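Trainee: need coordinates for the below:
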Amino acid sequence: MAERADLRREAGQRTRGGLLTATLELLARKGPEGLSLREVTEKAGANVAAVSYHFGSLKALRDAAVETALERYLDAQLEALARLTPDSTLTELAVGFARPMMQALAAGGTELAIIRTVARIGIDPPAGWGRLTGKFEQTRTDALRVLTARLPGIDEQELIFRTRCIAGLLNWLALAPIGAELAAEPAERIEHRLVPILAGALAGQAAPV
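Mentor: Modelled structure (predicted):
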């Protein structure tokens, strides 16, 4: 009996994961407005009832898929920032903060399209994204560890404002035409062009990088 319950649970998890993956791929190709329930279920090899059972609606499935992509982005960012110490430079902080975006720009294709979808929906995020608050706060904590050491005497709220500014810049790059231009360049060139701008924003006008 318990074995059958475990098998059903595993099958349900596979179905749920398949729906999320299919939704992300279709969002990357067609955008939120082009998403249809029929295409999602066909691509995932599932039925309409599975969407209702696991998510409740197509919109809830879409939001969950984008939330999953955002969480992967935050996890990659946190992994890069966790390696930094108070002795790290602002340039190293900028690299860590921007690494997931630079990787998406360099990879292009579906990976970049998914990041663009996250950035677009993130302008007016769904209520469910609140569960990621802890990860957003951890990125801020990791950034402040470097900023307070490199920029002593600057108010913490000002430092937080600067990290929010570069996060906004990265979101804008994902959506703006200049992001597509940058994506056409090699990974090393993307980093060479982008990182000094982010480090300069973190430093402020008068502070050295």
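
Trainee: rest of the way, CA atoms for contacts and neighbours
Mentor: OK.

Trainee: any low-confidence regions in this protein?
Mentor: Applying pLDDT under 70 to the chain picks out residues 1-9, 11-12, 205-209.

Trainee: which parts of it are helices?
Mentor: 2-30, 37-44, 48-54, 58-82, 90-107, 109-122, 133-150, 156-175, 177-183, 187-203 (DSSP state H).

Trainee: show me the contacts for residue 47.
Mentor: Residue 47 makes contact with residue 41 under the criterion Cα atoms under 8 Å, 6 or more residues apart in numbering.

Trainee: tell me how far residue 180 lies from residue 17.
Mentor: Separation of residue 180 from residue 17 (Cα to Cα, to the nearest Å): 30 Å.

Trainee: output stretch 27-34 as PDB, nothing but the C-alphas.
Mentor: Provided in PDB are the C-alpha atoms of stretch 27-34 (Å, rounded to 0.1, in the frame of the first residue of the first chain):
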ATOM      1  CA  LEU A  27       7.100  31.000 -22.600                       C
ATOM      2  CA  ALA A  28      10.600  31.400 -24.000                       C
ATOM      3  CA  ARG A  29       9.300  30.900 -27.500                       C
ATOM      4  CA  LYS A  30       6.000  32.700 -27.400                       C
ATOM      5  CA  GLY A  31       5.900  34.900 -24.400                       C
ATOM      6  CA  PRO A  32       3.100  35.000 -21.700                       C
ATOM      7  CA  GLU A  33       0.400  36.200 -24.200                       C
ATOM      8  CA  GLY A  34       1.100  33.200 -26.500                       C
END
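
Trainee: can we start the residue count at 875 from this point?
Mentor: Sure, I'll start counting at 875 from here, so that last one is stretch 901-908.

Trainee: dump the helices of the chain to TSV, plus mean neighbour count.
Mentor: Output for the helices of the chain, formatted as TSV (neighbours: other Cα atoms under 10 Å):
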stretch	mean neighbour count
helix 876-904	16
helix 911-918	17
helix 922-928	15
helix 932-956	19
helix 964-981	22
helix 983-996	20
helix 1007-1024	17
helix 1030-1049	17
helix 1051-1057	16
helix 1061-1077	17
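
Trainee: would you mind measuring from residue 1036 to residue 903?
Mentor: 33 Å.

Trainee: do the same with residue 940
Mentor: 14 Å.

Trainee: now do residue 952
Mentor: With the distance defined as Cα to Cα, residue 952 ends up 27 Å from residue 903.

Trainee: with residue 1016 instead?
Mentor: From residue 1016 to residue 903 the distance is 34 Å (Cα to Cα).
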